[in-house]
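K.L.:
let's see this in three dimensions:
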Amino acid sequence: MLAVVCINKRVETLKRLETYSYQVAYYVLQDEGLAIEATITALLELSMVDDFYMKPLPVQLDITKKTTIKNSIAVRQKNFRIIE
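P.N.:
From the prediction side, this is the model:
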């Protein structure tokens, strides 16, 4: 039962941060498709960090912002390589 609660908390936390992550990614990339890709990769990365869910919301927001920016840059670089 504890594992289910833990999974539910993870899903709830990531859903709460999804819009914020997308807003950050869109601000950086100015492209809807790339922002979606960056958001997905950022949230997947955050989903694997166990202690992320125990941190207070302001800390989660800061970590989400930094992770999303990092993934946005990676998505942009990957996109430039495909174009070349």
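
K.L.:
so Ala18 is in which element?
P.N.:
Rather than Ala, residue 18 is Glu. Using DSSP states H and E, Glu18 sits within helix 2-29.

K.L.:
quick check: mean pLDDT of that helix?
P.N.:
What helix 2-29 shows for mean pLDDT is 89.

K.L.:
can you tell me how far the residue lying closest to Phe52 once chain neighbours are set aside sits from Val11?
P.N.:
Sequence neighbours aside, Leu46 is the residue nearest to Phe52 in space, at 5.6 Å (criterion: C-beta to C-beta, 6 or more residues apart in numbering). The way it works is simple: take the backbone N, C-alpha and C, and place the C-beta from them, glycine included. With the distance defined as C-beta to C-beta, to the nearest Å, Leu46 ends up 12 Å from Val11.

K.L.:
looking at these two, which has the bigger crowd around it?
P.N.:
Just comparing Leu46 and Val11: by other C-beta atoms under 10 Å the higher neighbour count belongs to Leu46, 21 against 11.

K.L.:
quick one on the thing from earlier: identify all contacting residues around the next helix or strand after the helix holding Glu18.
P.N.:
Toward the C-terminal end, the helix or strand that comes next after helix 2-29 (DSSP H and E) is helix 32-47. By C-beta atoms under 8 Å, 6 or more residues apart in numbering, the surrounding residues in contact with helix 32-47 are 10, 14, 17-18, 21-22, 25-26, 28-29, 52, 63-64, 67-68, 70-72, 74-76, 79.

K.L.:
please identify the buried residues of helix 32-47?
P.N.:
Within helix 32-47, the residues that qualify as buried are 34-35, 37-43, 46, counting by 16 or more other C-beta atoms under 10 Å.

K.L.:
closest to Val59 out of those?
P.N.:
Taking C-beta to C-beta as the measure, Leu46 is the one of these closest to Val59, at 12.1 Å.

K.L.:
that older thread, output the buried residues of helix 32-47 as a markdown table; include the columns distance to Leu57 and pLDDT.
P.N.:
A markdown table is the format used below for the buried residues of helix 32-47 (distance: C-beta to C-beta, whole Å; pLDDT from 0 to 100):
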| residue | distance to Leu57 | pLDDT |
| --- | --- | --- |
| Leu34 | 27 | 97 |
| Ala35 | 22 | 98 |
| Glu37 | 25 | 97 |
| Ala38 | 21 | 98 |
| Thr39 | 18 | 98 |
| Ile40 | 22 | 97 |
| Thr41 | 22 | 98 |
| Ala42 | 17 | 98 |
| Leu43 | 16 | 97 |
| Leu46 | 14 | 96 |
